[in-house]
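**Q** 3D model of this:
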Amino acid sequence: MSRCLWVIVSFLFISCSKPLFQPGRAVVLNGGDNTVQIVDLHTFSIKKTKYLKAEPGYFAHHLGVSTDRKYLSIAVPEYDFSGGHEGLHGLSKPGKILVLHTRNLKEKLERDVPKANYNAVFNPSGTEIWTAGYSHSGRVYVFEFPSGNLKKEIIVESDPSELVFSQNGKYVAVACGESSFVTLIDPVTYRKLRDVKVDPYPYIVRVEAEKKLLIENRLRKSLNLLDYDTFKVTEFIDLDYSPLFSKYNVATGEIWVVPGNTPEIHIYQKAEKEKWVLKERIPTEFPLSEFEFYQNRLIGISSRHNVLIQYNIKTGRMEKKLSTGHQPNGLLIWN
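**A** Predicted coordinates:
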């Protein structure tokens, strides 16, 4: 009788317990102490902290998620990208790919990468993980999932860092900093389609609209918008600073930019003749290294100050603040 009661109680506990990943929660990746934290955005409290398996000198960097939301992908290079990319010049550092179950944050896969990698992303079908090795002999590595076998190695321009899939899954874009190219790849044939010349030293590429790619350029201090239909840069935003982070606001059609030299957010909107102009400056207590839009709020992290913050977009005021692990560099909102 007691055994039956135990079985019933255990079943009810499992059935009624809430999943770790659920709407209204954020996932924060901290590279300084190699942790993943789950944060409840309603209470602004940490629900769970996961310590990753990382060797000394390795730094977890950036979060990816599979289309079915079952897995997180993390790049773990033997290099701290928070200090900039330039420190890798003349060095040969390896990297890793780590995949976690979103059900319980347990490790699903770990694979070595020959060169330090900036991020790791799933393809739309969830059968592959793509990552780029940062070196003058640029490489993109494609691993089968879940086996982890290396499926393809693609030669690209020098110093590739971030790579992303387009929203429709037809292209992979890779920022190749030293060459000032963004390389476009067909993810089905693995064929390099075009090296698109952009402003000097592209180091971040972001998916922002169905047919557009947003590119951050460090040396030129600018943003470029690449048109997938023409494979050309069609729009520019010249800045007085190197952008720390930028994001397209789908609801308003604006581009929000974090300057690298001041705790603000600059909001750009398109004016006459397709020109982007500065519309507004929002002061922030901390320079944000990444942010997401969530229910008329802005949720952001600051790797310099080890915090997660919530801003009210309408009032421009900070509403909540939470201490995170060391050097947060990845943020996902679970909707």
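
**Q** all helices of the protein, in order?
**A** Along the chain, counting by DSSP state H, helices occupy 2-16.

**Q** quick one: low-confidence ranges for it?
**A** 1-17, 85-90, 209-210 (pLDDT under 70).

**Q** Name the nearest residue to the residue most central in space within it, sequence neighbours excluded.
**A** Most central in the chain under Cα atoms, centre = their mean is His62, positioned 4.8 Å from the mean C-alpha point. In space, and not counting its chain neighbours, His62 is closest to Asn119: 4.0 Å by Cβ to Cβ, 6 or more residues apart in numbering. Just so you know, the C-beta spots here come from the backbone N, C-alpha and C atoms, and that holds for glycine as well.

**Q** picking that back up, which residues sit in contact with the residue nearest to the centre of the chain?
**A** Counting by Cβ atoms under 8 Å, 6 or more residues apart in numbering, His62 makes contact with Leu29, Ile74, Ala75, Tyr118, Asn119, Ala120, Glu162, Asn329, Gly330.

**Q** and the two most separated of those residues?
**A** Leu29 and Glu162 (14.6 Å; Cβ to Cβ).

**Q** what about the residue nearest to Thr234 when sequence neighbours are not counted, neighbour count?
**A** In space, Thr234 comes closest to Asp227 once its chain neighbours are excluded; the distance is 4.6 Å by Cβ to Cβ, 6+ apart. Neighbours of Asp227 under the rule other Cβ atoms under 10 Å: 14.

**Q** ok, now how distant is Asp227 from Val233?
**A** 8 Å (Cβ to Cβ, to the nearest Å).

**Q** Kindly report the same for Leu223.
**A** In terms of Cβ to Cβ, Leu223 sits 10 Å off from Val233.

**Q** quick one, which of these two is more surrounded?
**A** Ranked by neighbour count (other Cβ under 10 Å), Leu223 and Val233 place Leu223 first, with 24 against 17.

**Q** bridging residues for the more buried one?
**A** Note on Leu223: beta-bridge partners Glu216, Ile237, judged by DSSP bridges.

**Q** quick one on the thing from earlier: and the residue nearest to Thr234, what does it touch?
**A** Contacts of Asp227 (Cβ under 8 Å, 6+ apart): Lys211, Lys212, Val233, Thr234.

**Q** Now with 7 Å, please.
**A** For Asp227, the contact set (Cβ atoms under 7 Å, 6 or more residues apart in numbering) comprises Lys211, Lys212, Thr234.

**Q** Out of these, which end up buried?
**A** Lys212 (16 or more other Cβ atoms under 10 Å).

**Q** If we only consider the contacts of Asp227, which is nearest to Lys321?
**A** Lys212 (32.9 Å).

**Q** What separation do you get for the nearest residue to the closest one once chain neighbours are set aside and Glu274?
**A** Using Cβ to Cβ, 6+ apart and skipping the chain neighbours, the partner closest in space to Lys212 is Leu225 (5.3 Å). The spacing between Leu225 and Glu274, counted by Cβ to Cβ, is 10 Å.

**Q** Next, count neighbours for the closest residue to Arg191 other than its chain neighbours.
**A** Closest residue to Arg191 in three dimensions, ignoring its sequence neighbours and counting by Cβ to Cβ, 6+ apart: Ile185, at 7.1 Å. Ile185: 22 surrounding residues under other Cβ under 10 Å.

**Q** what's the answer for Tyr228, then?
**A** Neighbours of Tyr228 using other Cβ under 10 Å come to 18.

**Q** show me the contacts for the nearest residue to it once chain neighbours are set aside.
**A** Leaving aside its sequence neighbours, Tyr228 sits nearest to Lys211 (Cβ to Cβ, 6+ apart; 4.9 Å). Applying Cβ under 7 Å, 6+ apart, we find Lys211 in contact with Asp227, Tyr228, Asp229.

**Q** Return the member of these nearest to Arg25.
**A** Among the contacts of Lys211, Tyr228 lies closest to Arg25 (Cβ to Cβ), at 32.2 Å.

**Q** so how far is Val99 from that closest one?
**A** Per Cβ to Cβ, Tyr228 is found 28 Å from Val99.

**Q** Kindly report the same for Tyr248.
**A** 28 Å.

**Q** and what of Glu264?
**A** 36 Å.

**Q** Which one's more surrounded, the two?
**A** Val99 (23 against 17).

**Q** looking at the sheet around that one, what are its partners?
**A** Bridge pairing for Val99 - DSSP bridges - gives Ser73, Leu109.

**Q** List the contacts of Ser66.
**A** The neighbours of Ser66, taking Cβ under 7 Å, 6+ apart as the test, are Phe122, Gly126.

**Q** returning to what we had before: which one of Leu225 and Glu274 is surrounded by more residues?
**A** Legend: neighbour count by other Cβ under 10 Å for Leu225 and Glu274, higher for Leu225 (21 against 10).

**Q** about what we covered before: so which of the contacts of Asp227 belong to strands?
**A** Applying DSSP state E to the contacts of Asp227, the entries found in strands are Lys212, Thr234.
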